[in-house]
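# no FASTA, just this:
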DNA sequence: TCGATGCATCTTGTATGCATCACGGACCGT
DNA sequence: ACGGTCCGTGATGCATACAAGATGCATCGA
């Protein structure tokens, strides 16, 4: 069976999630030209909900619509990698700075939440559960951004994370010790947070994102 | 005539621009519940393009769609004001910092562009052309953000600017000397930029945004 | 009197049909 | 051969029709 993520949701949602999933996991490679009709037939629905899904995906930067021609699956370009990482550093760095400026109490709460995620990731790593590990990675950064309590930035970050997912596809052959490195980098960020040193936290964030960039672009 | 901004564009675009304009200029006040049918009839088109426009406006945070009920024009809340201003400070501050870290040449290019906008604004102010003045204000900040050359941040900023427009509506009774103050604050930012002092530039940006906040929320 | 029920109405969700537009290749005149 | 035109094919853009959910109110029963 083809990976139907869909359940008892609206047709619009099914079209959106299914198509997005297929773009993110690479079954629809960048550069592909797809049409509303194709997707509609695959999902056994009319073109109308598919059309709405396409519009949403275009707004998220995953599709590019050409009038009367079709929808192009946007390919990840080096410049997009840079743009995403720059925006991530900006948003996450801001969350860190804001946190360091907040009360020690609040900082501790977030720190505890982050450590919790790290522990789960260690467990996932021990059992070689890549799925859970990736999920933890996503949660770690999300918790961080959530702490800034800014819905606009949080939404932006969600879109950045999706794009990041797709960029990671090309570089699945990350070294066997890369999970360890990620954990260490995350831990370093938490440590800096605990000391309340905003500049240090930013530096460690940058180290982490530089490593991410290297793993994405440097093969 | 009712302010038809539309021309020979697609029905979708007309629906989008017209509805957005009506939300931004306040003819559709926050809290209003509108329907696809209403707008479709007003614009003499079917519900289909209106529907697509509504989806886009929801993604931009201007509408909130309720299934089988209608579309709520989102009211600007104090917390949204804060979120928008925080995001603006983050993005614009980043552009400033990046510029200060760039070559003096590039900085000079942007600085010249900014000064040019300021001159136009002074002209607009002299002739009491409020329209042009506001347009210049928009351009000033856009040029600044564009200098960071990050499409993702630029797009975010465009959406922030739209929301800001709406927030300004309530405070039209800004003092008669407010344009002067805005000009001075903008000039201060350019001055800081010319010296290449990133921290100073950020401080002056913050002063400008604080003034904006005061004018929006403080009555 | 008060709460539950059923209905009228309004709105969205989805399907379908048709017009329009863009592209690609065959055809034709040179 | 070659360049331009014409038309077939396929996609979207929009209109319209129908189905189904949500709300409010009148009505009915205790």
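That came through, no problem. Quick caveat, the model's predicted, so the values are computed rather than measured. Numbering: from 1, shown residues only, chains lettered A, B, ... in the order given.
# ok, now how distant is the residue nearest to residue A:180 when sequence neighbours are not counted from chain B?
Nearest residue to residue A:180, sequence neighbours excluded (CB to CB, 6 or more residues apart in numbering or on different chains): residue A:125, at 7.5 Å. (Each C-beta comes from the backbone N, C-alpha and C, glycine too.) For residue A:125, the distance to chain B (CB to the nearest CB, to the nearest Å) stands at 31 Å.
# residue A:125 and residue B:151, how far apart?
Residue A:125 sits 35 Å away from residue B:151, going by CB to CB, to the nearest Å.
# give me the residue at the spatial middle of chain A.
Within chain A, one residue has its C-alpha closest to the average C-alpha position: by CA atoms, centre = their mean, that is residue A:161, at 2.0 Å.
# what's the separation between that one and residue B:125?
Relative to residue B:125, residue A:161 is positioned 44 Å away (CB to CB).
# again with residue A:54
For residue A:54, the distance to residue B:125 (CB to CB) stands at 45 Å.
# more neighbours: which of these two?
Legend: neighbour count by other CB atoms under 10 Å in any protein chain shown for residue A:54 and residue B:125, higher for residue A:54 (23 against 17).
# ok, the more buried one - contacts?
When contacts are counted by CB atoms under 8 Å, 6 or more residues apart in numbering or on different chains, residue A:54 is found next to A:19, A:36, A:63, A:65, A:71.
# now check the helix or strand the last one falls within, is it near DNA strand C?
Following DSSP states H and E, one finds residue A:71 within strand A:70-73. No - using CB under 7 Å from any atom of the strand as the criterion, no contacts between strand A:70-73 and DNA strand C are found, and the smallest distance is 9.5 Å.
# give the rounded mean pLDDT of that strand.
Along strand A:70-73, the predicted confidence averages to a pLDDT of 96.
# how about the residues of chain A near DNA strand D?
Counting by CB under 7 Å from any atom of the strand, the residues of chain A lying close to DNA strand D are A:35-38, A:47-48, A:51, A:65, A:67-71.
# adding secondary structure and neighbour count, write these out as a markdown table.
Shown next, in a markdown table, are the residues of chain A next to DNA strand D (DSSP: H, G, I helix; E, B strand; the rest coil; neighbours: other CB atoms under 10 Å in any protein chain shown):
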| residue | secondary structure | neighbour count |
| --- | --- | --- |
| A:35 | coil | 14 |
| A:36 | helix | 20 |
| A:37 | helix | 12 |
| A:38 | helix | 14 |
| A:47 | helix | 16 |
| A:48 | helix | 15 |
| A:51 | helix | 20 |
| A:65 | strand | 14 |
| A:67 | coil | 6 |
| A:68 | coil | 4 |
| A:69 | coil | 9 |
| A:70 | strand | 17 |
| A:71 | strand | 26 |
